[in-house]
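Give me coordinates for this.
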Amino acid sequence: MQTLLGGFTTVRDLGSTGYTIFGLRDAIRDGIVAGPRILASGDPISPTDGHADNHNLREEIMTAVLRRGVCDGADECQKVVREAVRRGADVIKVMALAAR
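Just a heads-up that it's a prediction; the model follows:
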């Protein structure tokens, strides 16, 4: 609400984990809550060991929750983008730089 009162009518969310941002976006769109229009990406897309690959966490946590946007190569990345669109992404956030 503060964002809307501050004069922002549209914002972009470029990398929230999970699906919560899609619910908020839809609630604003449907008039359930007040807020600016949201263009949401959901999970960012990253190569293995890249900026958005939370590789410092335990493997079972990474696999279950935090590695949804991790892909390598054109075929894997195309699949990840299609999944993001299926979940409702308005935009795709790519974090292409690998960690060093």
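
Kindly list the longest helix within this structure.
helix 73-87 (DSSP state H).

what comes up buried for that helix?
Neighbour-count burial for helix 73-87 flags 77, 80, 81, 83, 84 (criterion: 16 or more other Cβ atoms under 10 Å). Just so you know, the C-beta spots here come from the backbone N, C-alpha and C atoms, and that holds for glycine as well.

and which of these is nearest residue 24?
For the buried residues of helix 73-87, the residue nearest residue 24 by Cβ to Cβ is residue 84; the value is 16.8 Å.

how about that closest one, what does it touch?
Contact analysis of residue 84 by Cβ atoms under 8 Å, 6 or more residues apart in numbering lists 41, 42, 43, 45, 69, 92.

Of those residues, which one scores lowest on pLDDT?
Across those, the smallest pLDDT goes to residue 69, namely 80.

So what does the spatially closest residue to that one that is not a sequence neighbour look like in phi/psi?
Counting by Cβ to Cβ, 6 or more residues apart in numbering, residue 43 is the residue found nearest to residue 69 once chain neighbours are left out, at 3.9 Å. The phi/psi pair for residue 43 (degrees, to the nearest 10) reads phi -60, psi 130.
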